[in-house]
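Enquirer: Provided below are the primary sequence and the corresponding predicted coordinates.
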Amino acid sequence: MKPLADRIALVTGASRGIGRAIAVRLAQDGALVGVHYRSESDRAKQTLDLIRAQGGDGFLVAADLADPAGAAQLADALIGELRARRDPQLLDILVNNAGIDDRKTIEQVTEADFDRMLQINFKSPFFLIQRLLPVMADGGRIINISSMAARLSFPTMPVYASTKAALSTLSRVLAAHLGPRGITVNAVLPGATSTDLNPAASDPQRSRAIRDTVALGRIAEPGDIAPIVAFLASPEGGWITGESIEASGGQRL
């Protein structure tokens, strides 16, 4: 029996990068996975194809989390999917992974920059959780993808780091609030990971300086983060809640 058999999961920002790796891993472990994407339907379908090629299953769900109405639209779409099933089910696992970074110093940040990052990185996860709690199974899992930037001082990340710190704090607050329902809430804080969001970590030349700050001596791949999320989503992770777990390979220890 796979550890997540008969569970339903939603992974936001699952068309690529860390979100894709998480969606594929949860499906490998038996979950039916909702693959959320904003506009890249072809890439989201690639994620779904990867899931099905490995014997799993899932479905696509679109919503623009940069739009203030996006969280509500995503929640409504997911609830519709749950209710359309022959035996309507509840959501077991929510992974808030979608996020953006626009690297600028505070002098360069515009109000539009600030609002967009705040909306995608914090407000949308906040209100998505709020809208989905009525259909969240008791004993469920909420896993928020924060960042190790929340504990460091990167001059070009004043907004990104602040929104990720807020997401980590929200995880701790909700862990206490939702504990009576047996719902665990945790944050995972990746370090430098080779994704579209972090071009410096993906570039062979620019990444050398970053590698020198990592105890394990390399840049992470999305597949390094997915197993940590899968563990927190599993029955074995059920006694962990309110934690911010850094997954950086020992970066900047």
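Expert: Nice, thanks for sending it over.
Enquirer: mind checking the longest helix of the chain?
Expert: Across the chain, the longest stretch assigned as helix under DSSP state H is helix 158-178.
Enquirer: ok now it, how far from the chain's centre?
Expert: Mean C-alpha position of helix 158-178 versus that of the full chain (C-alpha atoms, centre = their mean, to the nearest Å) differs by 13 Å.
Enquirer: Also stretch 95-104?
Expert: Centre to centre, stretch against its chain (C-alpha atoms, centre = their mean), the figure for stretch 95-104 is 9 Å.
Enquirer: Between the two ends of that stretch, how far is it?
Expert: For stretch 95-104, the first-to-last residue distance is 27 Å (C-alpha to C-alpha, to the nearest Å).
Enquirer: what's the answer for stretch 230-248, then?
Expert: 17 Å.
Enquirer: re the thing from before, which is the succeeding secondary structure element to the longest helix of the chain?
Expert: Next in sequence after helix 158-178, counting helices and strands by DSSP states H and E, comes strand 184-190.
Enquirer: So for residue 89, what's the pLDDT?
Expert: Residue 89 carries a pLDDT score of 89 in this model.
Enquirer: what's the answer for residue 204, then?
Expert: Looking at residue 204, its pLDDT stands at 76.
Enquirer: Just say helix, strand or coil for it.
Expert: coil (DSSP: H, G, I helix; E, B strand; the rest coil).
Enquirer: In contact with it, which residues are there?
Expert: If a contact means C-beta atoms under 8 Å, 6 or more residues apart in numbering, then residue 204 has no contacts. C-betas here are computed from N, CA, C, even on glycine.
Enquirer: Sweet, I'm off.
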